[in-house]
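Colleague: structure for the following, please:
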Amino acid sequence: MISFVVPAYNEERLLGRTLAALHSAACELSQPYELVVVDDGSTDRTAAIATAGGATVVSVQFRQIAQVRNAGAAAATGDVLIFVDADTFVPPSTLRATLAALNRGAVGGGASVYIDGKLPIWVRLFMVPFRFAFRVGRLAAGCYVFSRRSDFEAVGGFDKQLYAGEELALSRALGRRGKFVVLRDPVMTSGRKVRTHSSREVAHLLLQVLRHGTKPLKTRDDLSLWYGERRDDV
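Modeller: Here you go, the predicted structure:
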């Protein structure tokens with residue numbers, strides 16, 4: 001069975017669309033599945049929307065994405081884990097390619113990421129090399145990561161020391177265990193982060209990581225891209 005694990009914090013505006021797409025994709029492929037939404041201390045209607053959308057709701061108070069995803073995996077019952085961000089649309093073709101990759105022996109993987117809506121020019125220029133580098137480097141973007149449960153548990157899940165970049169660490173850990181693939185098939189995620197944060201802010205974070213390695217990713221202090229409250233643009 002497939003377990004879709006959806007971490008969520010104040011996602012009332014986009015969560016319903018994401019869950020509906022997952023329902024549709026799994027039903028089109030006639031796959032048994034469950035939806036697990038991990039509500040990380042939301043103050044809006046996230047939990048109610050998740051319940052209305054047919055999901056099991058796991059309530060936590062972590063404000064750390066790695067722990068939230070691990071909590072969802074622990075509550076899930078499927079042998080295939082697919083982690084999907086609450087603002088990400090997964091088409092049936094991508095789910096089909098995911099299952100095919102696992103059936104061919106992959107331990108896990110990701111998908112090509114496209115961003116919806118009007119985008120700043122720096123983002124449009126960045127996305128093509130980003131997709132190529134992640135596919136060649138066999139690194140999953142956080143909005144869509146899949147694995148067999150046995151392999152996920154064997155590598156210890158997402159690294160709880162990290163507040164960001166945990167999907168990259170998991171990609172590397174799974175890649176050491178077996179074949180990790182990044183599908184050409186796409187998912188579509190919201191462009192709100194790149195519309196509500198400037199290129200200067202993003203460049204500052206990248207520079208910090210280049211200078212100090214993973215140290216800046218072990219605290220929320222400079223990670224407003226993921227933990228800030230600028231969420232009005234969907």
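Colleague: so A21 sits against L95, correct?
Modeller: No - here A21 does not reach L95: they are 9.6 Å apart, not a contact under Cβ atoms under 8 Å. Every residue, glycine included, has its C-beta placed from N, CA and C.
Colleague: any stretches of the chain with poor pLDDT?
Modeller: The model of the chain has pLDDT under 70 over residues 193-213, 215-218, 220-234.
Colleague: got the residue ranges for the helices in it?
Modeller: For the chain, the helices defined by DSSP state H occupy 15-28, 46-52, 65-75, 92-103, 121-137, 149-154, 166-177, 192-196, 199-212, 224-227.
Colleague: out of these, the one nearest V58 is which?
Modeller: Checking the helices of the chain against V58 by Cβ to Cβ gives helix 65-75 as the closest, at 4.7 Å.
Colleague: so which bits of that closest one are buried?
Modeller: Counting neighbours by 16 or more other Cβ atoms under 10 Å, one finds that the buried residues in helix 65-75 are I65, A66, Q67, V68, R69, N70, A71, G72, A73, A75.
Colleague: what's across from the closest residue to the first one other than its chain neighbours in the sheet?
Modeller: Nearest-residue entry for I65: P7, 5.9 Å, with adjacent residues in sequence omitted and distances by Cβ to Cβ, 6 or more residues apart in numbering. P7 has these beta-bridge partners by DSSP bridges: V38.
Colleague: closest to V145 among the buried residues of helix 65-75?
Modeller: Within these, proximity to V145 (Cβ to Cβ) peaks at R69, which comes in at 8.3 Å.
Colleague: enumerate every residue touching that closest one.
Modeller: Contacts here follow Cβ atoms under 8 Å, 6 or more residues apart in numbering; on that basis R69 touches V5, P7, V38, F83, G157, F158, E166.
Colleague: for those, give me JSON lines that also has distance to A55.
Modeller: Output for the contacts of R69, formatted as JSON lines (distance: Cβ to Cβ, whole Å):
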{"residue": "V5", "distance to A55": "10"}
{"residue": "P7", "distance to A55": "12"}
{"residue": "V38", "distance to A55": "10"}
{"residue": "F83", "distance to A55": "14"}
{"residue": "G157", "distance to A55": "20"}
{"residue": "F158", "distance to A55": "20"}
{"residue": "E166", "distance to A55": "22"}
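Colleague: TSV for those, including neighbour count?
Modeller: Output for the contacts of R69, formatted as TSV (neighbours: other Cβ atoms under 10 Å):
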residue	neighbour count
V5	26
P7	27
V38	30
F83	30
G157	20
F158	24
E166	23
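Colleague: so which of these is the closest to A111?
Modeller: Using Cβ to Cβ, F83 comes nearest to A111 of those, at 11.3 Å.
Colleague: so that closest one sits right up against R149, yeah?
Modeller: No - using Cβ under 8 Å, F83 is not in contact with R149; the gap is 11.9 Å.
Colleague: what sits in contact with each of those two?
Modeller: With Cβ under 8 Å, 6+ apart as the test, F83 and R149 both reach A73.
Colleague: now the angle from the lengthiest strand in the chain to helix 121-137?
Modeller: When the chain is scanned for its longest strand (criterion: DSSP state E), the result is strand 180-189. Put simply, strand 180-189 runs at 150 degrees to helix 121-137, going by axes from the mean of the first three to the mean of the last three Cα atoms, to 10 degrees.
Colleague: could you give the angle of strand 180-189 to helix 92-103?
Modeller: Following the same axes, to 10 degrees, one obtains 160 degrees for the angle between strand 180-189 and helix 92-103.
Colleague: please identify the buried residues of strand 180-189?
Modeller: Going by neighbour count (16+ other Cβ under 10 Å), the buried part of strand 180-189 is F180, V181, V182, L183, D185, P186, V187, M188, T189.
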